[in-house]
Structure formats: structure tokens, C-alpha cells
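*Asks:* no sequence on this one, just coordinates:
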């Protein structure tokens, strides 16, 4: 009786051995591929049904069974986020990709982008002389289509069915509303910004020192005065601009500034210096509303140095407590002028905040006539220190 029990136990173990060995082979596949993808653990992957090497891209039942069993093993290892087969089939069908163990680099990269997977596991099958199936599995990184690991095992076929081709999944009939939605023109995707591309909006302020040159004709005398000491306030306003992915950028500035001629002694008139000549404060008091733009060139460093060239228009309210017009009233009129400047500065960017400091050489030229037909010219020349802070977008 004891011998009979031992014989039955031995026969049972022999009967279970193929299944145990098959299970061990699936474990080996899963362990080898998991080790190969150690750097990708925690990421999404997809397992593509295997195909026989001599049937090109045709998927067989054998390949589907082996892929399904490998999927279960790898899910239970909890190392990767594995895409469900139904979702995989749907996407591959929409992309018109054959879900087989043989995929080219383009198909691999396309599948990675659409599914958001870091790698796919796929491979080929070979029928051996001893009735087993040789499985050659590979893990392929979708971004580069490069195989980063492989495993080879022999598996005993313990399922029912032959290796006839498995029909590829077909797209299900869609409701009419969905078909119309797909036929509608697709919206263009928003362009992807580069790391150095951004826009900015700044609130600005500044101070500066200037000199004034004036050509005017009081009572029929053509007089040119140069080097008049002028105090300045501003600019005060805002600017908006931005840079592309290269060194070129630009901005538009809307600001207000003031030019006020100080009391002074010693004047240059028509090229001659008069040491005892005096000029009262308020000889000219000009408030300028400027609208101008700059073409900018920058460095691609963290603190971005920039150099620019700016042109613009100014609207100038010109007052004087000395100059009178033809009506014998003190000058008070508004005239159009032109602005030119060369800014040099540095801009600092943080996550959503930007600020800058700038020195600029600036010219603002305008004119007045005091109600007569004679045109008198005024040019403000000097430098300003400008600073600002704002948002980056």
C-alpha cells in the first residue's frame, strides 16, 4: 500500500512538472525584463502580443496567450504601470498599427507618444523540434526605439488551439454625432514654447540728467542756445514685450517724462560763450508722453544682458515763463516730436516674475512756433536710469 502511494505521488509530480516549469519560465521572463527596465520602474509600459518570426507581422493565438500570461506576472510584481490590452488594441487600431511582435522604430515612437508609455515589451516566437515554443522577448524604449533588455526562454504549450492568425481588432461603429465630431476640422494645437521663449509686462520708473539745445527766433533774431542744464523726471509708465527662442526680442513702451530747464548763468549762444548771461528757471518746462519701441539683442544667460535700438513718437506739452507768443502770452502749446534711444540693461527672470535695470542714451526732438509761422526747435539729449518689475508670461 505504501509503495502504491509513493508511485501515485511520483506520477502526480511528473504530471505537474511541465506546468511548474512553464510557470518558472514566465517568472524568468518577467524578472529579466523588469531588471532590464530598472531605470523605468514606476513608469507606464505596454506589452504587445508576440508573433512567430516566420510569419512577419501576423499575431497568433500562441503569441496572445504568452503575452497575456506575461502581463499577469508583471502586474503582480507591481513594478510598472501596465496599459490594459483593450486600451492598447484601440489605440493601435486608430493608428493603423499592427499589434504584433515586429514593430519598426517609427511605429514604436508613435505608440509611445500616444499612449504615454516609456517602453514596450514585445518579441517573436519560434517553434522548436521538441514541440516547445522559443520566446525571444525584448524591452524597447519608445523615445529612442532602442532595445534596453531581452530574455529568452522555452515554453511548453499547455493550452488548446493552434497558431492560426488572430483577427486584428476593428474599430466599432461610432454614433453619428461622434463621426461628425471627427470629421470637423481639428483645432490647431498650441505651439510649444522653448526654454528661452517668454513675454513680459513691466511697470517702469526712472530718473536722468539732460541738456537742452534750442533754436528760436525771438523778435527776428535767429538764436541757438546749447548745453542748457536740464533736470529730468521719469519715464513713468509700462512696457510689454518678449523674446523668441533666439537672441532677438522687442518691446513697446508707453511712458510719461518731464524736462525742466534749471536757472543758470553762463550761456552758449550761436557758438559764443557769454559768462554773465543768465537764464531763469522755467525757461522751458516740457511734459512728454512717449510711445516707442525697441529692437533688443540679449545673451542666453540666466541674467540676460541686452542691447537695443529704439524709435518712437512723443506728444509734448511745452510751457515757458519767459518765452511769449505773438499774442504776448507765455508759451503753452502741444506739439509732436520724435524719440531715439539706445538702451543697455540686464533682465532677471524668476518663475513668473521679471525685473530689469537699464541705462539708456536718449534724444527727444520737438518744435514749437508760439502761434507764428516761425518754427522753433528743441532737442533734449541725455541719459536715464530706468528700472522695472512685472510678470512673465
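*Replies:* Structure received. Just so you know, these numbers come straight off a predicted model, no measurement behind them.

*Asks:* mind listing the helices for this structure?
*Replies:* Ranges of helices in the chain, per DSSP state H, are 2-36, 61-77, 85-94, 105-115, 176-183.

*Asks:* check those helices for me: which has the lowest mean pLDDT.
*Replies:* Ranked by mean pLDDT, the helices of the chain bottom out at helix 176-183, with a mean of 54.

*Asks:* and the closest residue to residue 150 other than its chain neighbours, how far from residue 253?
*Replies:* Using Cβ to Cβ, 6 or more residues apart in numbering and skipping residues adjacent in sequence, the residue nearest residue 150 is residue 138, 4.8 Å away. In this view, the C-beta of every residue, glycine as well, is placed from N, C-alpha and C. Residue 138 sits at a distance of 59 Å from residue 253 (criterion: Cβ to Cβ, to the nearest Å).

*Asks:* neighbour count: the two, which is higher?
*Replies:* residue 253 (24 against 19; other Cβ atoms under 10 Å).

*Asks:* identify the residues contacting that one.
*Replies:* Shown in contact with residue 253 (Cβ atoms under 8 Å, 6 or more residues apart in numbering): 204, 235, 237, 238, 239, 290, 291, 292, 293, 294, 310, 312.

*Asks:* how about the nearest residue to residue 127, chain neighbours excluded?
*Replies:* Nearest residue to residue 127, sequence neighbours excluded (Cβ to Cβ, 6+ apart): residue 133, at 6.3 Å.

*Asks:* where along the stretch 151-300 of the chain do the strands fall?
*Replies:* 198-216, 223-243, 248-261, 264-269, 272-279, 285-298 (DSSP state E, counting those that start in this stretch).

*Asks:* residue contacts, residue 356?
*Replies:* Neighbour list for residue 356: 202, 345, 346, 347, 348, 387, 388 [criterion: Cβ under 8 Å, 6+ apart].

*Asks:* so the fifth one bridges to which residues?
*Replies:* Beta bridges link residue 348 to residue 303, residue 355 when assigned by DSSP bridges.

*Asks:* tell me the pLDDT of it.
*Replies:* What the model reports for residue 348 is a pLDDT of 95.

*Asks:* any idea how many residues pack against it?
*Replies:* Applying other Cβ under 10 Å, we find 13 residues neighbouring residue 348.

*Asks:* for the fourth one, same thing?
*Replies:* A total of 22 residues lie near residue 347 under the criterion other Cβ under 10 Å.

*Asks:* nearest residue to it other than its sequence neighbours?
*Replies:* Excluding the flanking residues, the one nearest residue 347 by Cβ to Cβ, 6+ apart is residue 356, at 4.2 Å.

*Asks:* how close does the one you found sit to residue 27?
*Replies:* Taken as Cβ to Cβ, the span from residue 356 to residue 27 is 62 Å.

*Asks:* touching, residue 201 and residue 388? I think so.
*Replies:* No - counting by Cβ atoms under 8 Å, residue 201 sits too far from residue 388 to count as a contact (9.7 Å).

*Asks:* mutual contacts of the two, please.
*Replies:* Common contacts of residue 201 and residue 388 (Cβ under 8 Å, 6+ apart): residue 239.

*Asks:* more neighbours, these two?
*Replies:* Using other Cβ under 10 Å as the criterion, residue 201 and residue 388 rank with residue 388 on top: 23 against 16.

*Asks:* who does the more buried one bridge with?
*Replies:* Beta-bridge pairing for residue 388 (DSSP bridges): residue 204, residue 356.
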